[in-house]
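1. From the sequence below, what's the structure:
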Amino acid sequence: MTTYTRLRYDVAKFPLADLVREVMDVDDLEGLAASEWLATRETDQSTPYHKRFYDNVDVISPAYRTLVRHLLGDTADDVYLQRIPTFRVHLRNSVAVGSWHRDRDFGHDSAEVNYWVPLTRAFGNNTLWIDKEPVHAEYGEVIVFDGANSWHGNVVNDTEISRVSIDFRTLPRAAYRPNDRKSVSYGLPFLLGEYWDTV
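-> So this is what the prediction gives:
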């Protein structure tokens, strides 16, 4: 059975989708054009949408950090935060992540906790799957799960909409060990001040 926790937040207070629409210069994140090819592990972070997001991450960062502090509450000072959230676009006819995986297989610490934040409706074959089960979620919800040790991924999006999301990880400060391996998505070493930051 898939295990995860579902949190909720007020999208009026934390308007992440509005900021991403602004950065993408689009009116509707669900209406992004279908992909002409199937993304792979090597190309799933290479769309023009990813470039716009990461080039303008400073626009997103204040709302991202405020949301994280809200979600973590009193535990915020006990963990390190992924400094730059990972951006995902699940275009129709493609995938958002090119391979099923556990994050620990890519150098992540097994003590990390994953937070998945859909900015559109996430359902059917456009959503995140954890341990082979689809997780349906709405904008304003956050799915918390053990991505370091649980198999997760996605399937080809055959729905009528694109799915856009961000995700991030936290790590208990007591578990932090400097790690020179680099993250797959953004190429940052798993070090404080690089991949990790204080909340």
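2. hey, what's the residue most central in space within the chain bridged with?
-> The centroid of the chain falls nearest to residue 167 when counting by Cα atoms, centre = their mean (1.8 Å). Under DSSP bridges, the beta-bridge partners of residue 167 are residue 86, residue 116.
3. pretty sure it contacts residue 119?
-> No - shown here, residue 167 and residue 119 do not form a contact pair, counting by Cβ atoms under 8 Å, at 10.8 Å. C-beta coordinates here come from the backbone N, C-alpha and C atoms, glycine included.
4. any idea how far residue 199 is from the residue lying farthest from the centre of the chain?
-> What lies farthest from the middle of the chain is residue 174; by Cα atoms, centre = their mean that is 23.6 Å. Relative to residue 199, residue 174 is positioned 15 Å away (Cβ to Cβ, to the nearest Å).
5. Any regions of the protein where pLDDT drops low?
-> 1-2 (pLDDT under 70).
6. longest helix in it, by residue count?
-> Counting residues, the longest helix in the chain under DSSP state H turns out to be helix 57-72.
7. Identify each buried residue in it, please.
-> Neighbour-count burial for helix 57-72, with 16 or more other Cβ atoms under 10 Å as criterion, is recorded at 57, 60, 63, 64, 65, 67, 68, 71, 72.
8. what does stretch 169-176 give?
-> The neighbour-count criterion (16+ other Cβ under 10 Å) identifies 169, 170, 171, 176 as the buried residues of stretch 169-176.
9. hmm, back to that, which one of the buried residues of helix 57-72 is nearest to residue 189?
-> residue 57 (17.6 Å; Cβ to Cβ).
10. Give the full set of residues in contact with the spatially closest residue to the closest one that is not a sequence neighbour.
-> Computed as Cβ to Cβ, 6 or more residues apart in numbering, the closest residue to residue 57 that is not its neighbour in sequence is residue 84, at 5.6 Å. Shown here is residue 84, whose contacts under the criterion Cβ atoms under 8 Å, 6 or more residues apart in numbering are 54, 57, 61, 186, 188.
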